[in-house]
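Participant: One predicted model, sequence on top.
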Amino acid sequence: MNNINIAIDGPAGAGKSTIAKKIAAELDYIYIDTGAMYRAMALYFLRAGVQSSDEETISAKCGEIEIGIEYLCGVQHVFLNNEDVSGFIRTDEVGAYASACSVYSAVRTKLVELQRKLAANENVVMDGRDIASVVLPNADVKVYLTASVEERARRRYNEYVLSGQECDFDRIKQEIEERDYRDMHRDNSPLVCVEEATVVDSSDMTIDEVCEQIMNLAKVAAASKNSGI
Ligand code: DC
């Protein structure tokens with residue numbers, strides 16, 4: 001298949017990373033999880049005891065942070081000032097802080113630059129909120145992957161139950177709604193579905209079905225690139 005870049009945007013819990021990872025593995029592309037980068041920055045500010053509402057301090061501290069990405073056995077690891085923080089960023093606290101601090105220009109400018117650099121010389125499947133709209137506006141395939149709030153909350157609830165953690169469905173649903181609202185309504189690069197994107201609603205689809213649909217889009221994009229259309 002001819003080389004192409006694939007952008008997958010969508011709200012929290014829609015299954016972006018699961019799908020993007022699987023597609024990248026099938027195509028032998030590099031998977032770039034941009035949310036992990038925002039989470040790593042959030043971890044730095046949390047550890048430094050900075051309030052997520054304190055834009056001035058957060059902006060000033062951006063220069064102290066170096067985010068790196070490495071692939072170990074095919075798995076993306078995120079480094080915060082040379083420390084592998086991959087194991088510390090998957091908490092609700094870090095996710096909520098990442099959503100809050102991602103509204104600031106200093107944070108976004110830093111990470112968008114890094115993301116573009118990573119994609120410049122590679123074939124990538126990149127997931128996030130602003131990939132098709134800002135980071136890779138020329139991506140060959142643009143997918144807006146979504147699912148109903150109920151379904152996303154149910155998936156998150158099941159994950160908690162499986163890992164033996166206590167949780168409350170209504171609270172999870174409310175947190176998802178709040179995160180959606182913040183990610184979609186911020187002034188700076190909000191989550192949007194760009195006109196050219198294919199909307200995939202995964203509420204009633206299996207992972208394999210979603211992958212198949214996106215792989216078909218990738219095949220069509222590669223074929224038209226090959227034929228110079
Ligand atoms: O996808 P995630 O849950 O790991 O992302 C955490 C937060 O990071 C998300 O709520 C908003 C922010 N984010 C962003 O603003 N832009 C991206 N491209 C990716 C994530």
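Facilitator: It's in. Residues are numbered from 1 along each chain as shown.
Participant: right, and residue 6 touches residue 131 too?
Facilitator: No: applying C-beta atoms under 8 Å, one finds residue 6 not in contact with residue 131, separated by 9.0 Å. (Each C-beta comes from the backbone N, C-alpha and C, glycine too.)
Participant: These two: who's more crowded?
Facilitator: More crowded of residue 6 and residue 131, by other C-beta atoms under 10 Å: residue 131, with 31 against 28.
Participant: so what's that one up against?
Facilitator: 7, 8, 9, 34, 115, 139, 142 (C-beta atoms under 8 Å, 6 or more residues apart in numbering).
Participant: And residue 98, by the same measure?
Facilitator: Neighbours of residue 98 in contact, by C-beta under 8 Å, 6+ apart: 35, 38, 39, 41, 42.
Participant: Same list (the contacts of residue 131) but as TSV, adding secondary structure and distance to the ligand.
Facilitator: Shown next, in TSV, are those (DSSP: H, G, I helix; E, B strand; the rest coil; distance: C-beta to the nearest ligand atom, whole Å):
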residue	secondary structure	distance to the ligand
7	strand	10
8	strand	10
9	strand	8
34	helix	4
115	helix	8
139	coil	13
142	strand	14
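Participant: wait, which of those residues is closest to residue 187?
Facilitator: residue 9 (17.5 Å; C-beta to C-beta).
Participant: count of residues packed around the closest one?
Facilitator: That count, for residue 9 with other C-beta under 10 Å as the rule, works out to 28.
Participant: likewise residue 196?
Facilitator: Residue 196, neighbours per other C-beta under 10 Å, totals 12.
Participant: Now the phi/psi pair for it, please.
Facilitator: phi -80, psi -10 (degrees, to the nearest 10).
Participant: my guess is it meets residue 132, correct?
Facilitator: Yes: under the criterion of C-beta under 8 Å, residue 196 makes contact with residue 132 at 7.4 Å.
Participant: Which neighbours do those two have in common?
Facilitator: residue 142.
Participant: Alongside the ligand, which residues does the protein contribute?
Facilitator: Residues of the chain found near the ligand (C-beta under 6 Å from any ligand atom) are 12, 34-35, 38-39, 95, 98-99, 102, 128-130, 179, 183.
Participant: Quick check: the farthest pair among these?
Facilitator: 95 and 130 (16.7 Å).
Participant: Among the two, which residue is more densely surrounded?
Facilitator: Neighbours around residue 95 and residue 130, counted as other C-beta under 10 Å, are more numerous at residue 130. The numbers are 24 against 19.
Participant: Could you report the separation of the more buried one from residue 195?
Facilitator: 15 Å (C-beta to C-beta, to the nearest Å).
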